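Trainee: pasting the sequence and the predicted coordinates here, then a few questions.
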Amino acid sequence: MDTLEGMKTVVAVVETGSFTAASVRLNISKALTSKYVGEVERRMNVRLFQRSTRKLALTEVGKTYYRHALSLLEQFTALQDSVSGEQSSPQGLLRISAPVAFGEMKLAPRIPEFMKEYPDIQLELILSNGLVNMLEEGLDVRIRLGDVDDSTLIARHINDLPLTLCASPDYLLQHGTPTKPGDISEHHCILDSNFRIGKQWPIQAPDGTLTSVAVRSRVSASSPSAVCEIAIAGGGIGMVPDFIAAPALKQGLLQEVLPGYKTMEFGLFALYPHRHYLPIKVRCFIDFLVATFSR
């Protein structure tokens, strides 16, 4: 084990909170992770962690080591990028997290374009609608739709993505087509449980008047794609991101409700950890996101 490997291992254990999670992040065995940390402690004749059956805690010396190790690793990355930046393209593993629907429908089709531009990068795309801890999972960039409430991360705003009120033509034929916001309260509505608004849907008229409509619902889903599919099947009116609803609208499987009116829109953000130095591969990917999705 060299010094850099030891520092990387200690940093991974601190940021993931366990030897097991650190081993997954580093793609080495738990035994080797423990061995590397032990070697660092023996070389320096210190104890970096207080180990117990329930938790792993940094000692005061461990906190100092982590702070300086993180700084040194960032400086080493900056040195590598500075020396090789003019001689070669960005390289290394890039781990990206994105919501499932956005990742599948919008990001994945553009990945080959990015890989062609940067042939020395290996990219791992992790799709999840759940909570994501970037440090624990060793992510370089997290793509998020909606509010950003984690002050430990830097958020780069890329664009705003509107939502559309829509329902199947058969449903509207059977139940009637709303002509004003208040009409929606008389319909079956499909809730996306990711939204914090619950059963109060904001609808803005062409003249800018904003109305909060109390909707009725017996169905909710934690996936915007599922909301769209339920609407297509005649389950009621859904509030669906434009990029998800667009194919079904084009095919006539869905029909826009209250055209000319607006509802919510979500911010599209690229999140990355606070670091003194941002690796070139990360900067290139964020620039790619901006160039691709800010239009």
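Mentor: Yes, it's here.

Trainee: got the contact list for K199?
Mentor: With contacts taken as Cβ atoms under 8 Å, 6 or more residues apart in numbering, K199 has the following neighbours: 189, 191, 214-217. The way it works is simple: take the backbone N, C-alpha and C, and place the C-beta from them, glycine included.

Trainee: ok, and the most crowded of those?
Mentor: C189 (25 neighbours; other Cβ atoms under 10 Å).

Trainee: can you give me the strands in the stretch 1-150 of the chain?
Mentor: Ranges of strands in the stretch 1-150 of the chain, per DSSP state E, counting those that start in this stretch, are 49-51, 56-58, 92-98, 121-127, 141-145.

Trainee: so which two of the contacts of K199 are the farthest from each other?
Mentor: Taking Cβ to Cβ as the measure, the contacts of K199 span a maximum distance of 12.3 Å, between L191 and A214.

Trainee: what does stretch 254-261 contact?
Mentor: Contacts of stretch 254-261 with the rest of the structure, by Cβ under 8 Å, 6+ apart, involve 164-169, 172, 177-181, 184, 203-206, 228, 231-232, 237, 245, 248-249.

Trainee: pLDDT averaged over that stretch - what is it?
Mentor: Mean per-residue pLDDT for stretch 254-261: 97.

Trainee: same check on stretch 26-39?
Mentor: For stretch 26-39, the mean per-residue pLDDT is 86.

Trainee: please export the C-alpha coordinates of it as CSV.
Mentor: This file holds the C-alpha atoms of stretch 26-39, laid out as CSV (Å, rounded to 0.1, in the frame of the first residue of the first chain):
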residue,chain,number,x,y,z
LEU,A,26,-13.3,1.8,-3.5
ASN,A,27,-14.1,-1.6,-5.2
ILE,A,28,-11.9,-3.5,-2.9
SER,A,29,-12.6,-6.1,-0.1
LYS,A,30,-13.7,-5.0,3.4
ALA,A,31,-10.6,-6.9,4.7
LEU,A,32,-8.3,-4.9,2.5
THR,A,33,-10.0,-1.6,3.5
SER,A,34,-9.4,-2.5,7.1
LYS,A,35,-5.8,-3.5,6.4
TYR,A,36,-5.1,-0.2,4.7
VAL,A,37,-6.5,1.9,7.5
GLY,A,38,-4.5,-0.2,10.0
GLU,A,39,-1.3,0.3,8.1
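
Trainee: how far does it sit from its chain's centre?
Mentor: Averaged C-alpha coordinates place stretch 26-39 at 29 Å from its chain's average position (Cα atoms, centre = their mean, to the nearest Å).

Trainee: how about residues contacting that stretch?
Mentor: Applying Cβ under 8 Å, 6+ apart, the set of residues contacting stretch 26-39 from outside is 1, 5-6, 8-10, 12-13, 19-20, 22-23, 48-49, 138.

Trainee: please apply the same query to stretch 166-175.
Mentor: Under the contact criterion Cβ under 8 Å, 6+ apart, stretch 166-175 has outside partners 187-188, 228, 231-238, 240, 245, 248-249, 252-257.

Trainee: can I get the CA coordinates of stretch 112-128 in PDB?
Mentor: Below are the C-alpha coordinates for stretch 112-128, written out as PDB (Å, rounded to 0.1, in the frame of the first residue of the first chain):
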ATOM      1  CA  PRO A 112     -22.700   8.300 -26.300                       C
ATOM      2  CA  GLU A 113     -22.200  11.900 -27.500                       C
ATOM      3  CA  PHE A 114     -20.300  12.700 -24.200                       C
ATOM      4  CA  MET A 115     -18.200   9.500 -24.400                       C
ATOM      5  CA  LYS A 116     -17.200  10.200 -28.000                       C
ATOM      6  CA  GLU A 117     -16.000  13.600 -27.000                       C
ATOM      7  CA  TYR A 118     -14.100  12.200 -24.000                       C
ATOM      8  CA  PRO A 119     -12.800   8.800 -25.000                       C
ATOM      9  CA  ASP A 120     -10.600   8.300 -21.900                       C
ATOM     10  CA  ILE A 121     -13.500   8.600 -19.400                       C
ATOM     11  CA  GLN A 122     -15.300   5.600 -18.000                       C
ATOM     12  CA  LEU A 123     -18.900   6.500 -17.000                       C
ATOM     13  CA  GLU A 124     -21.200   4.800 -14.500                       C
ATOM     14  CA  LEU A 125     -24.800   6.000 -14.500                       C
ATOM     15  CA  ILE A 126     -26.800   5.200 -11.400                       C
ATOM     16  CA  LEU A 127     -30.600   5.800 -11.700                       C
ATOM     17  CA  SER A 128     -32.600   6.200  -8.500                       C
END
